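Undergrad: What shape does this take:
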Amino acid sequence: MTFVKRADKIMFMEVDTEFNRMKGFTSLSTNKNPKEYTRQYVDEPFEATDLVAISTSTDFTFDQKVGDPVHDKMVSIIDGEKIGDDAVVTLLLVDFTKKGSTPGSFKAVKRDFTLIPGTEGDSLDAYTYGGTFKVKGPRIEGEATSIDDFEKTCTFVQEGETGI
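TA: All right, here's what the predicted structure looks like:
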């Protein structure tokens, strides 16, 4: 049995029309934020609970690097205090533990999130930004491929398109 390394699940952000690897992040932790419906029926001595929704969010912290397309986009949203659709980003999680249907491809999930600003400047070593990506759209499953071995960019094909 082998542990899954944190670096086996890498996040990319769509900037313009390209998915760019999210580098320089010191934290990218996902929360499922379940919504429960709990009630007790008069004829039963216990409460019943159903899971009725999941509202995924991802907390982030990154060390700002000049010239990084992901950092530039996020800083533009945060510093520009953008709201509404101007604060929506598309993220792609590539899972290197799950091979795709073609050589060099891996299972991936694409989803829109609203970037919610949090903190900035919390470190004396580097200028940092922190906040939360909160779910804005449905999960879109598919596969990711890359011509640079996923070092900088990748492409995504949704399940059901071109034979996946």
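
Undergrad: Mind telling me what element the residue most central in space within the chain is part of?
TA: A centroid search over the chain (Cα atoms, centre = their mean) returns residue 91, at 4.7 Å, as the residue closest to the centre. Here residue 91 sits within strand 88-99, counting by DSSP states H and E.

Undergrad: elements contacting that strand?
TA: Contacts defined by 3 or more Cβ pairs under 8 Å, 6 or more residues apart in numbering; DSSP states H and E place strand 88-99 against strand 9-15, helix 69-79, strand 106-120, strand 153-158. For every residue, glycine as well, the C-beta is placed using N, CA and C.

Undergrad: Highest mean neighbour count out of these?
TA: Ranked by mean neighbour count under mean count of other Cβ atoms under 10 Å, the helices and strands packed on strand 88-99 are led by strand 9-15, which reaches a mean of 20.

Undergrad: Residue 121 reaches residue 127, doesn't it?
TA: Yes - contact criterion Cβ atoms under 8 Å: residue 121 and residue 127 qualify, at 6.0 Å.

Undergrad: any weak-confidence spans in this structure?
TA: 162-164 (pLDDT under 70).

Undergrad: ok, 80 please
TA: Counting by pLDDT under 80, the chain shows low-confidence ranges at 161-164.
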